[in-house]
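Asks: return atomic coordinates for the entry below.
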Amino acid sequence: MLLSIIFFVHTFIAMGYYITPKEVIPEDNDAEATDTEAEYTEDTKDDKNTLDTNILTANRKTEIELALKKWCEEGLYKDYEVNIYSLATKLGYKKNELTEYFNQSEYTNFRTWLSDIRFNEAVRMMKAYPEYSIDAISTECGFSSHTWIYRIFKQKTGMSPSQWRKQFASA
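Replies: Presented below is the predicted three-dimensional model:
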């Protein structure tokens, strides 16, 4: 029995437990790369503040910002399985473009940005719906488990969600 479990775990890991499925990774083709390079070259001539390491034009950053805003307004951040690959595919951008956008414009990474979005929604819901349980709010906001909402609240407020709610209710 123990040997079967060890074999299963080994096979599971060997089969690529940490590998993202190919269909969610956008393929780079030469035509797109050439267009991006041309856009980048034109933009760097116009924008004196653009660093050589930037891969995004000012227009592209604005497009991504608007797409992310729309994505959030539609509540798609509530999908607990979303990752940067699936988001890039959904929005029609390359993963590298989103990564660069988060680094340059939001000064953070995707996971932190998404956690902030979910945290803010959890705070809003806790204020608007005090009768909802923390677990229900956690699920509704897209946290994959109730432990994540506790971890985020501790990190941001120094309190558990229940403690924060009590403090808010008494204020």
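
Asks: so what are the domain limits for the chain?
Replies: 55-107, 116-170 (automatic domain parsing).

Asks: possible to save those domains as JSON lines with mean neighbour count and distance to residue 5?
Replies: For every residue, glycine as well, the C-beta is placed using N, CA and C. Shown next, in JSON lines, are those (neighbours: other Cβ atoms under 10 Å; distance: least, Cβ to Cβ, whole Å):
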{"stretch": "domain 55-107", "mean neighbour count": "16", "distance to residue 5": "27"}
{"stretch": "domain 116-170", "mean neighbour count": "15", "distance to residue 5": "24"}
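
Asks: now tabulate those domains in a markdown table and tack on distance to residue 2 and mean pLDDT.
Replies: Below are these laid out as a markdown table (distance: least, Cβ to Cβ, whole Å; pLDDT from 0 to 100):
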| stretch | distance to residue 2 | mean pLDDT |
| --- | --- | --- |
| domain 55-107 | 32 | 94 |
| domain 116-170 | 28 | 92 |
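
Asks: for residue 6, find the nearest of those domains.
Replies: domain 116-170 (26.8 Å; Cβ to Cβ).

Asks: gap between that closest one and the chain center?
Replies: 18 Å (Cα atoms, centre = their mean, to the nearest Å).

Asks: again with stretch 106-120
Replies: 6 Å.

Asks: and the domains of the chain as JSON lines, adding distance to residue 3?
Replies: Below are the domains of the chain laid out as JSON lines (distance: least, Cβ to Cβ, whole Å):
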{"stretch": "domain 55-107", "distance to residue 3": "33"}
{"stretch": "domain 116-170", "distance to residue 3": "31"}
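
Asks: please name whichever of those is nearest to residue 4.
Replies: domain 116-170 (28.0 Å).

Asks: show me where this structure has its helices.
Replies: Assignment of helices within the chain using DSSP state H yields the ranges 2-14, 30-46, 58-73, 84-91, 95-101, 110-128, 134-141, 146-157, 161-170.

Asks: from the contact counts, what lies against the fourth one?
Replies: Using 3 or more Cβ pairs under 8 Å, 6 or more residues apart in numbering; DSSP states H and E as the contact criterion, the secondary-structure elements in contact with helix 84-91 are helix 58-73, helix 95-101.

Asks: how does it look with 7 Å?
Replies: For helix 84-91, the elements it packs on are helix 95-101, judged by 3 or more Cβ pairs under 7 Å, 6 or more residues apart in numbering; DSSP states H and E.

Asks: which residues touch the helix it packs on?
Replies: 26, 55, 56, 60, 61, 64, 84, 85, 87, 88, 110 (Cβ atoms under 7 Å, 6 or more residues apart in numbering).
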